[in-house]
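1. requesting a structural model of the entry that follows:
(2 chains)
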Protein chains: 2
Amino acid sequence: MNVLLVYAHPEPRSLNGALRDFSIARLEKSGHAVQVSDLYAMNWKASLDASDSVTPPIGERFDPSLDSKHAFENGLQSEDIALEQQKLLWADTVILQFPLWWFSMPAILKGWVERVYAYGFAYGVGEHSDARWGDRYGEGTLAGKRAMLIVTTGGWESHYGPRGINGPIDDILFPIHHGILYYPGFDVLPPFVIYQTGKMDEARYTATCDTLGQRLDNLWAVPPIPFHPQNAGAYEIPALTLRDDIAPGKAGFAAHLG
Amino acid sequence: MNVLLVYAHPEPRSLNGALRDFSIARLEKSGHAVQVSDLYAMNWKASLDASDSVTPPIGERFDPSLDSKHAFENGLQSEDIALEQQKLLWADTVILQFPLWWFSMPAILKGWVERVYAYGFAYGVGEHSDARWGDRYGEGTLAGKRAMLIVTTGGWESHYGPRGINGPIDDILFPIHHGILYYPGFDVLPPFVIYQTGKMDEARYTATCDTLGQRLDNLWAVPPIPFHPQNAGAYEIPALTLRDDIAPGKAGFAAHLG
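-> Presented below is the predicted three-dimensional model:
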């Protein structure tokens, strides 16, 4: 199996760096091929702008969607973007590993998503009309692949519990799981979250690696999060609201789980 | 009143650019002083790293929190960071304006948060013990100020409704409202969200400006989102879970609203 690890931490001699090295070794020992996009080491350009195409904007002004579409369709994307898209197409499983900063991914990784997820590649795929709203949320270019987050945070697990002050971790990660990974087609595995990173001693690190190793050994066995696909009948189109008989009476992120 | 507008769009001749210019003019016409941080125009550095301090890391390796603390306490922060902190201290109200990209803020704005929100400035403020978990979520450096989002998105309002496929807009914005704005002390106003930006004609643009203008005229009159403060009794400390008698039986983001 081919695994792409997209990794975003500025210090290689960190807990994240150690877990990255552990993951690569474990996956390779199991016979998988691993590529790593180490965004800080690559000096990844975080901000989406007109220079993401090797030609000037096609209209009078830069349009993030239309210029992305034109560049993607005509082989005019910046080379760093095209290379990451090739890695995504090569991968059977994609892992995003990052520290939770201000309740989301670090800017450098968000910028990877924004720039690599071109129009025609990750969105704007398939028919777009009032009868069909594209191939997305369960369909799309990356359908058939799996994705998983490895996330570290300094807070306690209770702070991210159902009534924890930060909000439930599943809800905090929903915009990434559903909006960034499920959207272009990935099957999304439950995340591997490490809490209280400031309290990591050797025993806890060993136990963490044991658990993470088991997750990595079972990438293909773990059932994905059962989000409703957009185009299989659960949603009214084009309103894109859940049909009345699906999760009746429920609202919010959790209503989109089958 | 002093208003800081932090603005993140790469093209000034865009809908976002027009709404920014409208907002500045409206606020100034009402007698407010306005500063704008136009992140793309400033070529804002998005990625947090060791160069955010003018001295090398204090330990053997770069630690994002500890090095931020050291730089903030000792006047060793990169100048761009210190300047933005001065603007935040100057402001009575802060507006973040951005297009919703992949269900969050653009990377360049996320990187503004990560770098400007130094340890000792936006987090790590106040006593941290098992009896008190810092001055945050309603208290902190920016307490007494107000904040509001102006957000544009191509999707329909129904797609972001209670049962819409993208998830409710209030839940999508919760990590920003609660986790980025309420955390260091802001009172957070309801957001101003513009849907279906691809269908903007002159009549709709005029109506949008009318509504936005009223919101800007009433920045001090609108009641903020009633999040529970961390340190006023609603939460058990240090577990930081809602007390049983607060929003009994409720879980998720909405439970943190009073």
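
2. what does the stretch 151-258 of chain A have sitting close to chain B?
-> Residues of the stretch 151-258 of chain A lying near chain B by CB under 8 Å from any CB of the partner chain: A:154, A:156, A:158-159, A:161-168, A:171-172, A:174-175, A:178-180, A:230, A:235, A:238-242, A:247, A:250-256. (Glycine included, C-beta is placed from N, CA and C.)

3. just the buried ones from those residues, in PyMOL syntax?
-> To isolate the buried members of those in PyMOL, using 16 or more other CB atoms under 10 Å in any protein chain shown:
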select buried, chain A and resi 156+158+159+161+162+163+164+165+166+167+168+171+172+174+175+178+179+180+230+235+239+240+241+242+247+251+252+253+254+255+256
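
4. the residues of the stretch 151-258 of chain A next to chain B in strands, which ones?
-> Applying DSSP state E to those, no entry is found in strands.

5. among the residues of the stretch 151-258 of chain A next to chain B, which are in helices?
-> The helices, defined by DSSP state H, take in A:171-172, A:174-175 from these.

6. in a strand, A:V34, correct?
-> Yes. Under DSSP: H, G, I helix; E, B strand; the rest coil, A:V34 falls within a strand.

7. could you measure from it over to chain B?
-> Between A:V34 and chain B the distance, using CB to the nearest CB, to the nearest Å, works out to 24 Å.

8. re earlier: chain B: which of the ones in helices among the residues of the stretch 151-258 of chain A next to chain B is nearest?
-> A:P175 (3.9 Å; CB to the nearest CB).

9. give me the nearest residue to that closest one, chain neighbours excluded.
-> Among residues not flanking A:P175 along the chain, B:F103 sits closest, at 3.9 Å (CB to CB, 6 or more residues apart in numbering or on different chains).

10. what's near enough to touch the one you found?
-> A:175, A:179-180, B:166-167, B:172 (CB atoms under 8 Å, 6 or more residues apart in numbering or on different chains).

11. tell me the contacts of the most centrally placed residue in chain A?
-> Note on chain A: the residue nearest the mean C-alpha position is A:L181, at 4.4 Å, using CA atoms, centre = their mean. By CB under 8 Å, 6+ apart, the contact list for A:L181 reads A:147, A:188.

12. need the pLDDT of it.
-> The per-residue pLDDT reported for A:L181 equals 98.

13. so how far is A:W44 from it?
-> Distance of A:L181 to A:W44, computed by CB to CB, to the nearest Å: 19 Å.

14. likewise for A:G161?
-> 33 Å.

15. wait, A:Y40 touches A:G111, no?
-> No. Here A:Y40 does not reach A:G111: they are 11.8 Å apart, not a contact under CB atoms under 8 Å.

16. residue contacts, A:A143?
-> Per CB under 8 Å, 6+ apart, neighbours of A:A143: A:135, A:185-186.

17. secondary structure class for it?
-> Assignment for A:A143 (three-state DSSP): coil.

18. over to the one 4 residues further on?
-> Three states are possible here, and by three-state DSSP the one that applies to A:A147 is strand.

19. residues in contact with stretch A:73-83?
-> A:42, A:44-45, A:51-55, A:70-71, A:85, A:115-116, A:118, A:120.

20. who wins on neighbours among the residues you listed?
-> A:A118 (26 neighbours; other CB atoms under 10 Å in any protein chain shown).

21. is that one in contact with A:Q85, as I believe?
-> Yes. Counting by CB under 8 Å, A:A118 touches A:Q85, with 7.1 Å between them.

22. and stretch A:182-193, how far out from the chain's middle?
-> 7 Å (CA atoms, centre = their mean, to the nearest Å).

23. end to end on it, go ahead and measure it.
-> One end of stretch A:182-193 sits 19 Å from the other (CA to CA, to the nearest Å).

24. other residues contacting that stretch?
-> Contacts for stretch A:182-193 (CB under 8 Å, 6+ apart): A:94, A:117, A:121-123, A:125, A:135-153, A:160, A:169, A:173, A:177-178, A:181, A:211-212, A:215, A:219, A:222, A:224-225, A:227.

25. mind redoing it with 7 Å?
-> A:94, A:117, A:122, A:136-143, A:145-151, A:169, A:173, A:177, A:181, A:212, A:215, A:222, A:224-225, A:227 (CB atoms under 7 Å, 6 or more residues apart in numbering or on different chains).

26. out of the residues you listed, which are buried?
-> Buried among the contacts of stretch A:182-193 by 16+ other CB under 10 Å: A:94, A:117, A:122, A:136-142, A:145-151, A:169, A:173, A:177, A:181, A:212, A:215, A:224-225, A:227.

27. now for the residue lying closest to A:M105 once chain neighbours are set aside, how many residues are close by?
-> Spatially, and ignoring its direct neighbours in sequence, A:M105 is nearest to A:F98 (5.0 Å; CB to CB, 6+ apart). Other residues near A:F98 come to 22 when the count uses other CB under 10 Å.

28. OK, contacts around A:D171?
-> A:253, B:171, B:252-253.

29. from these, pick the one nearest A:Y7.
-> A:F253 (26.4 Å; CB to CB).

30. how close does the closest one sit to A:D171?
-> 5 Å.

31. mind pulling the model confidence for the residue of chain A positioned farthest from its centre?
-> Distance to the chain centre peaks in chain A at A:E60, reaching 32.9 Å (criterion: CA atoms, centre = their mean). pLDDT for A:E60: 93.

32. with distance to B:V34 added, can I get the contacts of B:F103 in JSON lines?
-> Shown next, in JSON lines, are these (distance: CB to CB, whole Å):
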{"residue": "A:P175", "distance to B:V34": "31"}
{"residue": "A:G179", "distance to B:V34": "32"}
{"residue": "A:I180", "distance to B:V34": "34"}
{"residue": "B:N166", "distance to B:V34": "32"}
{"residue": "B:G167", "distance to B:V34": "33"}
{"residue": "B:I172", "distance to B:V34": "28"}
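
33. just the residues you listed now: which is nearest A:S14?
-> Of all the contacts of B:F103, A:S14 sits closest to A:I180, with 23.6 Å by CB to CB.

34. isn't the residue nearest to A:M105 up against A:V151?
-> Yes. Between A:F98 and A:V151 a contact is recorded at 6.4 Å, counting by CB atoms under 7 Å.

35. if we can go back for a sec, over to the residue nearest to A:M105. Which of the three states is it?
-> strand.

36. what's near enough to touch it?
-> A:8-9, A:105-106, A:109, A:151.

37. so which of the residues you listed are in strands?
-> Those of the contacts of A:F98 lying in strands (DSSP E): A:V151.

38. nearest to chain B among the contacts of A:F98?
-> Using CB to the nearest CB, those come closest to chain B at A:P106, 6.8 Å.

39. re the thing from before, per-residue confidence at the residue nearest to A:P175?
-> 98.

40. shaky segments in chain A?
-> The model of chain A has no residue with pLDDT under 70.

41. need the contact list for the residue nearest to A:A232 when sequence neighbours are not counted.
-> Using CB to CB, 6+ apart and skipping residues adjacent in sequence, the residue nearest A:A232 is A:G138, 7.3 Å away. Residues in contact with A:G138 (CB under 7 Å, 6+ apart) are A:182, A:185, A:227, A:229-230.

42. rerun that using 8 Å as the cut-off
-> A:182, A:185, A:227-232.

43. again, but for A:Q196
-> A:153-157.

44. helix, strand or coil: sort out A:L5 for me.
-> The three-state label given to A:L5 by three-state DSSP is strand.
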